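[1] Compute the structure for the input listed below.
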Amino acid sequence: MTMRITYAHMRPAEKVNALWATTRRREGTTVVEVSSLDEASWTGATEAKVGTVSTTLEGVEPLAWVVSPRDALVLAKRGVPGWRITVVDSGVRADIVDALARTQAAFVRTGRTGAGMQAEITALPGISAAVSVFVDDVPDAVEAVASGASDLVLRGWTSSMVGDLRDTLGGTVIERAVYPVGVSVDALRANLPAQHFAAALDLVDAGGAARPKYDWAPGVGGPAPVSPNRFSAQWGDEAWIGDGTVTLADMPPDLQGILARVLDGEAPSRDEVLRLFSARGAEVDVIAQVADTLRRQVKGDVVTFVVNRNINYTNQCYFKCGFCAFSKGPRSLELRGEPYLMTIPQVVERTVEAYERGATEVCLQGGIHPDFDGDFYVALLEAIKHHVPTMHCHGFTPLEVWQGAATLGVPIGDFLARLKAAGLGTLPGTAAEILDDRIREHLCPDKVRTAQWAEVMLTAHGLGLRSTATMMFGHIDDAVSWANHFEVIRTIQRTTGGFTEFVPLPFVHMGAPIYLRGRSRRGPTWDEVVLVHAVARIAFHGMIDNIQASWVKLGLEAGTRLLSAGCNDLGGTLMDETISHAAGASHGTAMTTEEFEEAIVAVGRTPLQRTTLYGEVGDRVS
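    Predicted coordinates:
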């Protein structure tokens with residue numbers, strides 16, 4: 001098994017304010033350790049996205065404690081979970097064993113000379129703590145690890161020093177925040193007060209490791225943390241950024257085996273997909289390489305896009321999806337505007353305009369207006385097809401289909417047949433979010449569940465209506481839910497073959513109610529973005545040939561970078577994108593064919609305008 005070492009950038013302090021914490025964070029600090037936390041220090045650290053640890057039981061409640069065996073037992077009796085507790089080496093073995101066993105503390109803090117004895121203690125059955133040691137430099141760290149430490153506490157280390165540590169130790173080196181890597185969002189939600197839950201989520205990625213220090217997130221202006229030499233942005237030192245030389249042979253045996261079998265044509269199992277989603281650092285680079293190899297085999301160097309228009313006919317909705325800023329975004333951001341409901345003639349007018357501007361598709365989606373019933377969707381399609389018979393209508397999510405059928409009191413199949421007869425061409429795969437009801441329960445509790453979404457898609461495909469598949473990620477989800485989502489999509493596709501493409505949708509957090517209420521992360525990290533797109537190519541190889549990068553969520557520069565990580569499509573021109581914009585995305589609401597072509601050619605690929613069903617439109621463009 002590959003050795004795994006975690007580390008935390010920690011600074012001791014008497015008091016904390018936002019300016020001090022912000023400065024320390026820019027220098028690399030993730031956690032501040034104080035003897036007695038007061039309200040001002042909690043606020044200053046939290047605003048700067050620095051975690052708080054207290055060394056006593058006095059003062060305001062911190063995110064975690066580093067305390068004596070005696071105080072650790074007091075915390076346990078209060079119901080504090082072990083992952084919030086670090087026991088300090090008191091020098092009395094019996095006290096330490098008792099405290100670790102009864103509290104199930106995550107760490108035992110000791111000096112380098114005590115690491116050996118604490119390693120003996122943590123090896124005892126019934127104890128799960130890691131030995132944690134303050135180290136000043138790389139030789140100290142190597143000595144501590146050799147003595148049995150598996151968690152290192154760093155103070156004032158530069159990125160180049162951390163890079164040296166990574167390269168010297170080898171194995172897997174992961175930065176943690178306050179808690180051990182792997183503590184789930186479910187555990188945080190169940191055990192932390194609301195403001196602590198929000199503060200903890202701001203510190204971590206989907207795997208519970210420390211979130212990278214860069215400011216980038218999907219939808220945020222500015223470039224993604226993309227290196228020309230490699231995909232992973234886990235590390236910020238020059239040695240990492242400048243050298244992307246890594247191959248499959250450099251990978252751990254389990255990952256080598258999965259990827260080698262994939263290259264031989266064997267689909268990864270659900271558990272193997274989970275392993276791919278758990279990758280970090282150089283593993284991300286190699287997964288992207290394998291995905292790109294498969295992309296070349298299946299799609300060559302052609303990159304497709306569709307000329308379309310999004311028509312979001314209303315932003316009024318009676319569902320309570322926590323991520324949706326389109327219908328429930330804060331007015332303070334001046335993104336949502338006033339509630340609106342287009343008339344059918346207005347939708348037709350926009351369709352005619354789109355046709356005159358060269359569009360081959362209109363994408364019809366909106367909120368679920370309380371006055372809507374299934375007849376509205378049918379009438380909308382009939383009006384569009386009457387005025388623009390050749391326009392492809394890509395419309396209505398499984399939620400809209402389910403709701404439409406329910407309002408009419410008819411089976412899903414009968415309603416879909418009516419929609420098809422009225423002119424529906426394909427369905428968008430949105431409303432999927434994460435197809436794992438453990439996540440949906442908190443993300444979109446009143447929305448269709450996984451089985452209902454699948455029921456609509458299976459029925460639609462059976463009627464000859466094809467669809468896209470999507471996954472919105474980077475909020476309260478994790479690698480397990482991603483693997484489960486992919487397995488739902490693969491199960492449907494093996495049965496019907498009805499999905500035309502897979503579209504990962506990175507969560508845009510800035511205006512999302514669930515983030516503003518402190519109940520989600522700040523979107524996915526760049527490495528998570530790369531993984532979801534690359535693993536999609538790998539997991540859906542031989543089943544879904546087209547993997548799309550969303551320029552609306554990521555920007556065109558980042559989107560074209562993903563063309564070397566398994567993607568072959570950049571989506572549509574859109575003309576009027578409003579949903580991501582309402583959430584705070586700053587990458588625009590429309591793209592021209594010329595902009596697509598220029599960006600695609602710039603990365604050495606061949607642009608091709610396509611239809612919704614991936615047929616060609618006219619001659620290949622260059």
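
[2] From now on I want contacts and neighbour counts done on CA atoms only, so please keep to that.
    Fine.

[3] following the helix or strand containing residue 441, which helix or strand comes up?
    For residue 441, the element it lies in under DSSP states H and E is helix 437-443. As assigned by DSSP H and E, the chain's next helix or strand after helix 437-443 is helix 450-462.

[4] surely residue 56 meets residue 35?
    Yes - counting by C-alpha atoms under 8 Å, residue 35 is a contact partner of residue 56 at 5.7 Å.

[5] where exactly do the helices run in the stretch 151-300 of the chain?
    Remark: helices assigned in the stretch 151-300 of the chain by DSSP state H, counting those that start in this stretch are 159-169, 185-191, 194-201, 238-242, 253-263, 270-277, 282-299.

[6] can you tell me which of these the model trusts least?
    Sorting these by mean pLDDT places helix 238-242 lowest, at a mean of 90.

[7] What are the contacting residues of that one?
    160, 163, 227, 229, 230, 233, 235 (C-alpha atoms under 8 Å, 6 or more residues apart in numbering).

[8] pLDDT weak spots in the stretch 251-400 of the chain?
    The stretch 251-400 of the chain contains residues with pLDDT under 70 at 317-337.

[9] For the stretch 451-600 of the chain, give me the ranges with low pLDDT.
    576-589.

[10] could you show me where the strands are in it, in order?
    For the stretch 451-600 of the chain, the strands defined by DSSP state E, counting those that start in this stretch occupy 466-473, 499-506, 569-572.

[11] Can you tell me which of those is most buried?
    strand 569-572 (a mean of 26; mean count of other C-alpha atoms under 10 Å).

[12] List the buried residues for the helix holding residue 441?
    Neighbour-count burial for helix 437-443 flags 437, 439, 440, 443 (criterion: 16 or more other C-alpha atoms under 10 Å).

[13] what does the average pLDDT come to for that helix?
    95.

[14] The stretch 1-150 of the chain: helices as residue ranges?
    Using DSSP H, counting those that start in this stretch, helices in the stretch 1-150 of the chain cover 18-27, 39-47, 69-77, 93-103, 115-122, 138-146.

[15] Same question for the stretch 301-450 of the chain.
    Taking DSSP H, counting those that start in this stretch as the criterion, the stretch 301-450 of the chain carries its helices at 344-356, 374-387, 398-408, 412-422, 437-443, 450-462.

[16] Contact partners for residue 256?
    Residues near residue 256 by C-alpha under 8 Å, 6+ apart: 248, 249.

[17] right, and residue 547 touches residue 503 too?
    Yes - Residue 547 is within contact range of residue 503, at 6.2 Å (criterion: C-alpha under 8 Å).

[18] Show me how the chain divides into domains.
    As given by automatic domain parsing, the domain ranges for the chain are 4-201, 302-610.

[19] how about TSV for those domains, with distance to residue 246 added?
    Shown next, in TSV, are these (distance: least, C-alpha to C-alpha, whole Å):
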stretch	distance to residue 246
domain 4-201	13
domain 302-610	15
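
[20] Those: which one's closest to residue 273?
    domain 302-610 (5.9 Å; C-alpha to C-alpha).

[21] quick one: terminal-to-terminal distance for the closest one?
    Domain 302-610 has an end-to-end distance of 11 Å (C-alpha to C-alpha, to the nearest Å).

[22] cool, and stretch 258-267?
    9 Å.

[23] Just give the closest residue to residue 130, not the sequence neighbours.
    residue 107 (4.7 Å; C-alpha to C-alpha, 6 or more residues apart in numbering).

[24] if we can go back for a sec, which one of the contacts of helix 238-242 is nearest to residue 50?
    residue 235 (18.4 Å).

[25] I'd say the closest one and residue 163 touch.
    Yes - the pair residue 235 / residue 163 is scored as a contact, 7.5 Å apart, by C-alpha under 8 Å.

[26] ok, the closest residue to residue 142 other than its chain neighbours - how many residues close by?
    Leaving aside its sequence neighbours, residue 142 sits nearest to residue 169 (C-alpha to C-alpha, 6+ apart; 7.0 Å). The local packing of residue 169 (other C-alpha atoms under 10 Å) involves 16 other residues.

[27] Select from the contacts of helix 238-242 the one having the most neighbours.
    Highest neighbour count within the contacts of helix 238-242: residue 233, with 25 neighbours (other C-alpha under 10 Å).

[28] which ones are touching that residue?
    225, 226, 227, 241, 281, 526, 527.

[29] Distance-wise, check it relative to residue 167.
    16 Å.

[30] ditto for residue 273
    Separation of residue 273 from residue 167 (C-alpha to C-alpha): 27 Å.

[31] can you tell me how far residue 178 sits from residue 140?
    Distance of residue 178 to residue 140, given as C-alpha to C-alpha: 22 Å.

[32] quick one: which of the two has more around it?
    Using other C-alpha under 10 Å, the more surrounded residue of residue 178 and residue 140 is residue 178, with 27 against 15.

[33] Give the phi and psi angles for the more buried one, as a check.
    phi -80, psi -40 (degrees, to the nearest 10).

[34] what stretches of the stretch 1-150 of the chain score poorly on pLDDT?
    Looking at the stretch 1-150 of the chain by pLDDT under 70, you get 1-2.

[35] Give me the nearest residue to residue 288, chain neighbours excluded.
    residue 565 is the one closest to residue 288 (C-alpha to C-alpha, 6+ apart), at 4.5 Å.

[36] again with residue 171
    Using C-alpha to C-alpha, 6+ apart, the nearest residue to residue 171 is residue 3, at 5.1 Å.

[37] likewise residue 15?
    residue 41 (5.8 Å).

[38] thought the one you found was touching residue 19?
    No - counting by C-alpha under 8 Å, residue 41 does not reach residue 19; the two are 11.0 Å apart.

[39] Who has more neighbours out of those two?
    residue 41 (22 against 13).

[40] Would you enumerate the residues in contact with that one?
    Applying C-alpha under 8 Å, 6+ apart to residue 41 gives the contacts 15, 16, 17.

[41] Wait, the last one touches residue 44, no?
    Yes - because the distance of 4.2 Å satisfies C-alpha under 8 Å, residue 17 is recorded as touching residue 44.

[42] The two - which one has more neighbours?
    More neighbours surround residue 44 than the other of residue 17 and residue 44, with 19 against 16 (other C-alpha under 10 Å).

[43] Check the gap between that one and residue 8 for me.
    Residue 44 is 19 Å from residue 8, by C-alpha to C-alpha.

[44] do the same with residue 442
    30 Å.

[45] just residue 181 next, same as before
    On the measure of C-alpha to C-alpha, residue 181 and residue 8 end up 11 Å apart.

[46] Same check on residue 452?
    Using C-alpha to C-alpha, we find residue 452 at a distance of 43 Å from residue 8.

[47] Please say which of these two ends up with more neighbours.
    The neighbour comparison of residue 452 against residue 8 (other C-alpha under 10 Å) goes to residue 8, with 25 against 14.
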